[in-house]
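Q: mind looking at a prediction? Sequence and model below.
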Amino acid sequence: MNTVEENNSTNNNTEILIIGGGPVGIQAARLIKHFSSDADVMVVRPEPHSMVYCAIPYAIEGLFPLSKTFKSDDLITETGATLIKHKVASVNMKEHSVVLDNGHGIKFKKMLIATGAIPFLPPVPGIGLKNIFSIKTGKDAQDVITALSGDAECGAESPSGKHTGAQKAVVIGAGAIGLEQALAYRARNLEVHLVDIMSYPLSMMLDPDMSDEVTQELVKAGVHLHLGKGLKAFHGKTAVSSVELDNGTIIDLEEGADFAIVSVGMRPDLSVFSDSGIKIEKDGIVVDKHMKTSIDGVWAAGDCVQFTSGIDGDVIGGKLATNAVPMAKIAALDMVGKDAEYPGFYNGAITIAGDIRVGGTGFTQTLAAKRGIDVYSTVGSSKTRFPMMPGAGTVKVKLVFRRDTNVIIGGQVVGTEAIAERIDLITLAIQQKLNAHDLSKFSYSSQPWQTFYPAKNAIVEAAEKATGLL
């Protein structure tokens, strides 16, 4: 079937309706059609394009056109599923039907909710002023690119009447998205201010003792840091002209030209389901391990759901594409009658800050303490290549263990290369509930261009410290 731009009939019937065409919608549609090729699958997506969201900062930086972040509709339609580019305006769970924003209806037998999440905007004075952006959709990204270029048709206008591009940006939030945005604007030669209520960057990924190199990279890049300071208000007539922090600091902006970015977290996009009768709690739709909701015949997966940690079983945020995709697989398998369960979030994540690569997985020491788990940590380090090799950098690994069992529940890695691979390995160790003794016996490879000498491995070194061998 082809993409459907307009739904021309008054009503449509489908066996399986998927609301949302992001990572969950694409993965689920493909897997359902793989196991049940005759199933009638319909995907409703409000955006003109599904996007590679994590590539948006680099499109803004100018490394490639924004269009390079657009996914092909063929990912859905080549399976024989139908793609409808409309927004769902209302849902009737009792009748198993939805109405689109063009007034046309769709009846379904089974539904998968995959509406994702949208940026959280803090309720501070001035939040509705122009040139205050968040980054999630293609339109969001294009608005920022327009502000950067000072496009004559819809960009900024200076008091002289000449259209100008932004010269300064204030980024609220020093998480991964905030850091990537801040560095993208520095690459565009803007004056950049980065604000976060925490005293160090990447606080959801790292403990304070692992953040120094990240801070140094931000300073080296010329980012003005306002850490340990909260946002109090935005000021301006129609567009933001200054940002006020809770310590009294005022960051002035040129009204109508400069801008602020708000990147302080995400919330599930569930407004259309608020009166549907489906069980929703703070972090999203409540689902079981099969991704089933409180309503028969309805599943949900990805950023729109509330789920639990795979470590302690308690509710935890996990709004990552790398969580959404396996959740989509579980939902799709269950919808076609296959037995599958989702074990919970481990939240392995990586980012980049200048020349430094950063990653974290599982619990930090800080988070473990908040969740009442007694832990200790150890650190290992090494060069990333044999020291005589060109480009040899450093890598530092921190492992977090439960004090009662010595089982690993978290890890952090900071270095110049090969960070993702180490984070993925530590995540696997957490999933398999390995202890310090197990990790100390980890058998690894060695080669001059890719690792340090055979005698030393940063993960093993940290594990050996935990066992008392070092």
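A: Great, that's in hand.

Q: contacting residues around the residue nearest to residue 50 when sequence neighbours are not counted?
A: Counting by C-beta to C-beta, 6 or more residues apart in numbering, residue 71 is the residue found nearest to residue 50 once chain neighbours are left out, at 4.3 Å. Heads up, the C-betas are built off the backbone N, CA and C, glycines and all. Counting by C-beta atoms under 8 Å, 6 or more residues apart in numbering, residue 71 touches 26, 49, 50, 51, 52.

Q: remind me which residues of the stretch 201-350 of the chain are low pLDDT?
A: Regions of the stretch 201-350 of the chain meeting the criterion pLDDT under 70 are absent.

Q: repeat that for the stretch 51-200 of the chain.
A: Ranges of the stretch 51-200 of the chain meeting pLDDT under 70: 151-164.

Q: so which bits of stretch 175-190 are buried?
A: 175-188, 190 (16 or more other C-beta atoms under 10 Å).

Q: so how far is it off the chain centroid?
A: Using C-alpha atoms, centre = their mean, to the nearest Å, the mean C-alpha position of stretch 175-190 is found 16 Å from that of the whole chain.

Q: what sits up against it?
A: Residues outside stretch 175-190 that contact it (C-beta under 8 Å, 6+ apart): 57-58, 60-62, 135, 148, 166-169, 171-172, 174, 192, 194, 196, 201-205, 214, 218, 221-223, 261, 263-265, 349, 351-354.

Q: okay, and which of those residues map to strands?
A: Under the assignment DSSP state E, these contribute 168, 169, 171, 172, 192, 194, 196, 261, 349, 351, 352, 353 to strands.

Q: need those in CSV with neighbour count and distance to residue 446, can you?
A: Formatted as CSV, the ones in strands among the contacts of stretch 175-190 follow (neighbours: other C-beta atoms under 10 Å; distance: C-beta to C-beta, whole Å):
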residue, neighbour count, distance to residue 446
168, 18, 47
169, 27, 44
171, 27, 40
172, 27, 44
192, 24, 40
194, 26, 38
196, 25, 39
261, 26, 43
349, 21, 27
351, 23, 27
352, 18, 25
353, 25, 28
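
Q: okay, those residues in a markdown table with distance to residue 292 next?
A: Below are the ones in strands among the contacts of stretch 175-190 laid out as a markdown table (distance: C-beta to C-beta, whole Å):
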| residue | distance to residue 292 |
| --- | --- |
| 168 | 49 |
| 169 | 43 |
| 171 | 39 |
| 172 | 37 |
| 192 | 45 |
| 194 | 41 |
| 196 | 37 |
| 261 | 37 |
| 349 | 27 |
| 351 | 33 |
| 352 | 37 |
| 353 | 40 |
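
Q: now for these, which pair is the farthest apart?
A: Among the ones in strands among the contacts of stretch 175-190, the pair separated by the greatest distance (C-beta to C-beta) is 168 and 349, at 28.9 Å.

Q: the host helix or strand of residue 43: partners in the sheet, and parallel or antiparallel?
A: According to DSSP states H and E, residue 43 maps onto strand 41-44. With DSSP bridges as the test, strand 41-44 is paired with strand 11-19 (parallel), strand 82-84 (parallel).

Q: so who does the residue nearest to residue 261 when sequence neighbours are not counted touch?
A: Computed as C-beta to C-beta, 6+ apart, the closest residue to residue 261 that is not its neighbour in sequence is residue 171, at 4.7 Å. Listed by C-beta under 8 Å, 6+ apart, the contact set of residue 171 reads 178, 181, 182, 185, 192, 193, 194, 195, 260, 261, 263.

Q: the last one touches residue 119, doesn't it?
A: Okay, so that is residue 263. Yes: counting by C-beta atoms under 8 Å, residue 263 does reach residue 119; the two are 7.1 Å apart.

Q: more neighbours, these two?
A: residue 263 (25 against 19; other C-beta atoms under 10 Å).

Q: next one, pLDDT for residue 435 please.
A: pLDDT for residue 435: 98.
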